[in-house]
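Enquirer: task: produce atomic coordinates for the following.
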Amino acid sequence: MTAQSLLTTLLPLVADLSRELPEGERYRRLLQAMRALLPCDAAALLRLDGEWLVPLAVDGLSPDTLGRRFKVSEHPRFEVLLSSPGPTRFDSDSELPDPYDGLVAGLHGQLEVHDCMGCPLFVDDKPWGLLTLDALDTERFERVELDALQAFASLAAATVNVAERIERLTLRAEIYREASGQQHKEMIGQSKPHKRLVEEIKLVGGSDLTVLITGETGVGKELVAQAIHAASPRADKPLISLNCAALPETLVESELFGHVRGAFTGALNERRGKFELANGGTLFLDEVGELSLTVQAKLLRVLQSGQLQRLGSDKEHHVDVRLIAATNRDLAEEVRNGRYRADFYHRLSVYPLQVPALRERGRDVLLLAGFFLEQNRSRMGLGSLRLTSDAQAALLAYNWPGNVRELEHLIGRSALKALGNCRERPKILSLSAQDLDLPDVTAPAIEAPVDEIPVVTGDLRQATEHFQRQIISACLERHQHNWASAARELGLDRANLGRMAKRLGLK
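Expert: Residues are numbered from 1 along each chain as shown. Here you go, the predicted model:
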């Protein structure tokens with residue numbers, strides 16, 4: 001490569017350093033320039049985040065790559081690149097597995113990467129991430145000068161530095177990380193509805209307002225609550241969670257407010273409740289629509305005064321807690337029907353936050369699929385786990401009634417079944433649309449027959465319960481007694497359906 005061609009390629013990037021560009025566009029231009037400078041089939045920019053590498057931009061790789069999170073210790077090529085002070089080119093016959101096997105876009109037959117090189121990026125003399133280049137042809141990079149990649153890496157580091165300074169100036173919230181040190185949880189997506197949600201989280205996170213998170217089952221309401229807490233001044237304080245639907249009503253008060261010894265049968269010791277455990281931090285009440293009217297009244301008092309009493313005690317305890325609640329119910333409708341206290345609802349919904357359904361998020365489904373694919377690749381000890389083009393199309397066409405949770409379970413189940421169908425353990429496991437076994441979105445909907453509404457005689461409650469038994473029993477039959485599937489069809493939380501079935505004598 002001549003000095004003139006190198007200069008021609010790099011000058012536009014130098015000019016970009018003084019321009020205000022979206023982060024994604026800045027990184028996209030960077031990779032395009034690198035592919036022009038160093039011909040390859042795929043290029044990627046990855047940020048080092050603890051023990052993980054997070055793709056920020058890819059060119060020539062499958063779109064789900066952006067959703068993947070690569071654990072460095074599981075990818076020896078990444079370990080080598082990060083431990084090197086400068087560019088590294090791997091021999092074409094290297095036995096180290098390539099993390100991009102099967103991910104190079106647009107090729108169906110040849111899936112393995114045969115030539116690979118990369119370079120670490122340093123910002124303020126600290127390791128920041130990697131630039132990687134991959135080719136399907138053997139010895140594609142044999143004549144490439146490593147000095148050219150090093151020069152480009154220096155410019156890339158300057159580009160990253162500019163982007164991060166702009167990010168700090170705009171006070172952009174950091175991605176949420178679990179306090180446990182496990183793989184960080186991250187809100188993955190690039191769609192407009194997702195970006196609007198992230199902006200609202202940034203806005204309300206810095207306040208102390210009570211937030212009511214609403215959305216369908218499986219959209220990730222708990223993850224949103226964690227992100228709000230992480231963006232708040234209370235981020236270094238505890239985030240305590242309670243699923244209000246998972247406990248019988250007799251135990252909810254004890255869980256929330258605590259109890260003293262002897263307060264009830266089985267109360268052998270004094271115990272602090274969730275409010276006291278969350279003091280100074282955040283309390284997240286999931287499935288808050290399941291609380292009884294009695295518990296709502298007691299919670300309202302604590303929210304108004306900050307004072308609570310443990311069960312069996314007259315002593316007052318003061319707590320300073322920020323409350324975040326979540327529900328898949330329409331609480332305004334519940335209030336109108338007398339099943340929810342209006343004053344408690346208004347206290348909860350100071351800042352309502354709607355989480356979009358997965359079907360509203362477009363191509364985010366592929367990014368999320370990539371995240372779950374990499375998780376399952378690691379768990380199953382595979383070299384590569386990928387989606388074929390028809391599988392990607394099927395994911396984009398499906399309606400996702402169970403949202404992100406349904407996608408997560410689908411990827412795990414399909415990968416396990418596909419591996420079980422292989423006679424020998426494959427180096428690259430490809431999931432096709434047939435492996436995913438999604439319902440045919442083009443098939444006409446079959447309307448279930450509607451029985452004539454029974455004539456009610458005598459006790460209305462008994463007649464209502466009889467009708468509920470019929471509906472639930474028929475739904476269970478259709479789903480081969482799969483309670484989770486039946487709950488989705490009926491629009492109920494699985495735990496709620498289980499309690500209803502017990503009350504009706506069906507379980």
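
Enquirer: tell me the contacts of the residue nearest the centre of the chain?
Expert: Nearest to the geometric centre of the chain sits M187, at 5.0 Å (CA atoms, centre = their mean). Residues in contact with M187 (CB atoms under 8 Å, 6 or more residues apart in numbering) are I175, Y176, H194, L197, V198, I201, G220, L223, V224, A227. Where C-beta positions appear, they are placed from N, C-alpha and C, glycine not excepted.

Enquirer: nearest to R413, of these?
Expert: Nearest to R413 among the contacts of M187: G220, at 19.2 Å, using CB to CB.

Enquirer: contacting residues around the closest one?
Expert: M187, V355, N403, V404, R405 are the contacts of G220 under CB under 8 Å, 6+ apart.

Enquirer: do the same with L366
Expert: Contact analysis of L366 by CB under 8 Å, 6+ apart lists P63, D64, G67, L387, Q392, L395, L396.

Enquirer: mean confidence score for stretch 438-458?
Expert: Averaging pLDDT along stretch 438-458 yields 51.

Enquirer: what's the answer for stretch 58-78, then?
Expert: 94.

Enquirer: could you give me the buried positions within it?
Expert: 58-72, 74-75, 77-78 (16 or more other CB atoms under 10 Å).

Enquirer: please list the members of those residues that lie in strands.
Expert: Mapping these onto strands (DSSP state E) picks out V58, D59, F70, K71.

Enquirer: against K71, how distant is the residue nearest to the centre of the chain?
Expert: 19 Å (CB to CB, to the nearest Å).

Enquirer: how long is stretch 90-102 end to end?
Expert: Criterion CA to CA, to the nearest Å; first-to-last residue distance in stretch 90-102 is 18 Å.

Enquirer: pLDDT of that stretch, averaged?
Expert: pLDDT averaged over stretch 90-102 gives 89.

Enquirer: equivalent analysis for stretch 291-308, please.
Expert: 87.

Enquirer: so V204 makes contact with I324?
Expert: No - V204 sits out of contact with I324 when judged by CB atoms under 8 Å, with a separation of 9.5 Å.

Enquirer: okay, these two: which has more neighbours?
Expert: Shown here are V204 and I324; by other CB atoms under 10 Å, I324 has more neighbours (30 against 19).

Enquirer: where's the more buried one, which helix or strand?
Expert: strand 322-327 (DSSP states H and E).

Enquirer: where along the stretch 151-300 of the chain do the helices fall?
Expert: 192-205, 221-230, 249-257, 274-277, 293-305 (DSSP state H, counting those that start in this stretch).

Enquirer: which neighbours do V204 and I324 have in common?
Expert: With CB under 8 Å, 6+ apart, V204 and I324 have common neighbours V211, I228.

Enquirer: one step back: what lies in contact with the strand holding I324?
Expert: With contact meaning CB under 8 Å, 6+ apart, strand 322-327 is reached by 208, 210-215, 221-222, 224-225, 228-229, 232, 234, 281-289, 303, 348.

Enquirer: list buried residues within those.
Expert: Judged by 16+ other CB under 10 Å, buried ones among the contacts of strand 322-327: 210-215, 221-222, 224-225, 228-229, 232, 234, 281-289, 348.

Enquirer: tally of neighbours for the nearest residue to V252 once chain neighbours are set aside?
Expert: Closest residue in space to V252, ignoring its immediate chain neighbours: V295 at 5.3 Å, by CB to CB, 6 or more residues apart in numbering. By other CB under 10 Å, 17 other residues sit near V295.

Enquirer: residues in contact with V295?
Expert: E249, V252, E253, L256.

Enquirer: and G102, by the same measure?
Expert: L111, E112, S384, L385, R386, I428, S430.

Enquirer: what sits against the third one?
Expert: Under the criterion of CB under 8 Å, 6+ apart, the neighbours of S384 are P97, P99, D101, G102, L103, L111, R377, K427, I428, L429.

Enquirer: make TSV out of the residues you listed and add distance to S473 and secondary structure.
Expert: Below are the contacts of S384 laid out as TSV (distance: CB to CB, whole Å; DSSP: H, G, I helix; E, B strand; the rest coil):
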residue	distance to S473	secondary structure
P97	51	coil
P99	49	coil
D101	49	coil
G102	45	coil
L103	47	coil
L111	48	coil
R377	41	helix
K427	48	coil
I428	45	strand
L429	40	strand
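
Enquirer: select only the buried ones of the residues you listed in ChimeraX?
Expert: Of the contacts of S384, the buried ones go into a single ChimeraX selection, burial set by 16+ other CB under 10 Å:
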select :97,99,101,102,103,111,377,429
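
Enquirer: which positions within stretch 34-49 qualify as buried?
Expert: Residues of stretch 34-49 classed as buried: 34-35, 37-38, 40-49 (neighbour count, 16+ other CB under 10 Å).

Enquirer: hmm, back to that, tell me how far the strand holding I324 lies from the chain's centre.
Expert: Mean C-alpha position of strand 322-327 versus that of the full chain (CA atoms, centre = their mean, to the nearest Å) differs by 19 Å.

Enquirer: name every strand pairing with it and say which way it goes.
Expert: Looking at strand 322-327 with DSSP bridges, its partner strands are strand 211-214 (parallel), strand 282-286 (parallel).
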